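Participant: coordinates for the following, if possible.
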Amino acid sequence: MGGRRRLITVPRLLVAAAAAAAVVIPLINGLGTPAYAVTKNPDGTITVTVNELRDPAGLEAELRSVGIKADVSFLAPHTRCAGPRFAGVDPSYGTRPHTEAELKWGAEHWRSLQVIKAIPAGHRIGIHPEYIRPDETLVLEIRDDQNPKVLWTLGAWLAEAGTPVKPCTPVKD
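Facilitator: This is a model prediction of the structure:
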C-alpha cells in the first residue's frame, strides 16, 4: 500500500533549479559590497563612496538623481584621458602644470578645486554642490592605483555650462 511515486523528469528538475536560482542569486549578489554609493547629506553635500571601478554610467545616473550633472570615467593604472576633453570653468584643467603656489591660490579661488573635498576615511569623495552653477558638468576621472591602501586617484574639474564633454580616450600617463 505504498503511495504513488512522483516521477522526477528533466523538465521538472529544470523548473526547480531555476526557481532555486531565482532566490539564491539575489541573496548572493546582495551580500557583496556595492561598486559605489551616493549619499545626500543633511548639510547639502554629497558623499560618493567608490569601492570598485565599474559602471561609470550607473554612477552618473546616481549623481544625476541627487542633482549633479556628471561625466565619470574609470581608468586603468598608469592611464589618463586624452585631452582636451572639455572647456574648464577655471585654469585647473587643460593648462600647463601649476606651481605649488598657484595650486594653493587656486584651492581658494578655483571652483573646480572647491567642489571636491577629500574625505580621509574610506574611499570617499565629498561634493559641494554650491560651487556648481546650473548646467555645468562635474568631470570625474578615477584611476585604479593597484594599491590596497589607496584604491584610486581622482581628477575632478568643472566643465563650462552648456559645453560638451568628449568621451574619455585612455592614453598612457
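
Participant: wait, what's in contact with Ala37?
Facilitator: Ala37 makes contacts with 48-49, 51, as judged by C-beta atoms under 8 Å, 6 or more residues apart in numbering. Bear in mind the C-beta positions are built from the backbone N, C-alpha and C, glycine included.

Participant: could you look up the SS state of it?
Facilitator: At Ala37 the chain is in strand, as set by DSSP: H, G, I helix; E, B strand; the rest coil.

Participant: okay, and the beta partners of it?
Facilitator: With DSSP bridges as the criterion, Ala37 is bridged to Thr49.

Participant: distance of it relative to Ala121?
Facilitator: Separation of Ala37 from Ala121 (C-beta to C-beta, to the nearest Å): 14 Å.

Participant: centroid residue for the chain?
Facilitator: For the chain, Leu59 is the residue whose C-alpha lies nearest the centre (C-alpha atoms, centre = their mean; 4.6 Å).

Participant: element containing that residue, please.
Facilitator: Using DSSP states H and E, the element containing Leu59 is helix 56-65.

Participant: ok, then the element right after that helix?
Facilitator: Scanning forward in sequence from helix 56-65 by DSSP H and E, the next helix or strand is strand 70-75.

Participant: partners of that next one, with directions?
Facilitator: Partners of strand 70-75 in its sheet, by DSSP bridges: strand 137-144 (parallel).

Participant: quick one: contacts of the partner strand?
Facilitator: The contact list for strand 137-144 (C-beta under 8 Å, 6+ apart) reads 50, 53, 63, 68-77, 79-81, 85-86, 93, 115, 125, 127, 132, 151-159, 165, 168, 173.

Participant: could you check the angle that strand makes with helix 56-65?
Facilitator: Between the axes of strand 137-144 and helix 56-65, defined by axes from the mean of the first three to the mean of the last three C-alpha atoms, to 10 degrees, the angle is 140 degrees.

Participant: how far away from the center of its chain is strand 137-144?
Facilitator: 7 Å (C-alpha atoms, centre = their mean, to the nearest Å).

Participant: now stretch 68-76: buried residues?
Facilitator: 68-75 (16 or more other C-beta atoms under 10 Å).

Participant: Serialize these to CSV and add fields for distance to Glu100 and pLDDT.
Facilitator: Shown next, in CSV, are the buried residues of stretch 68-76 (distance: C-beta to C-beta, whole Å; pLDDT from 0 to 100):
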residue, distance to Glu100, pLDDT
Ile68, 30, 97
Lys69, 31, 97
Ala70, 29, 97
Asp71, 28, 98
Val72, 28, 97
Ser73, 27, 97
Phe74, 29, 95
Leu75, 25, 95
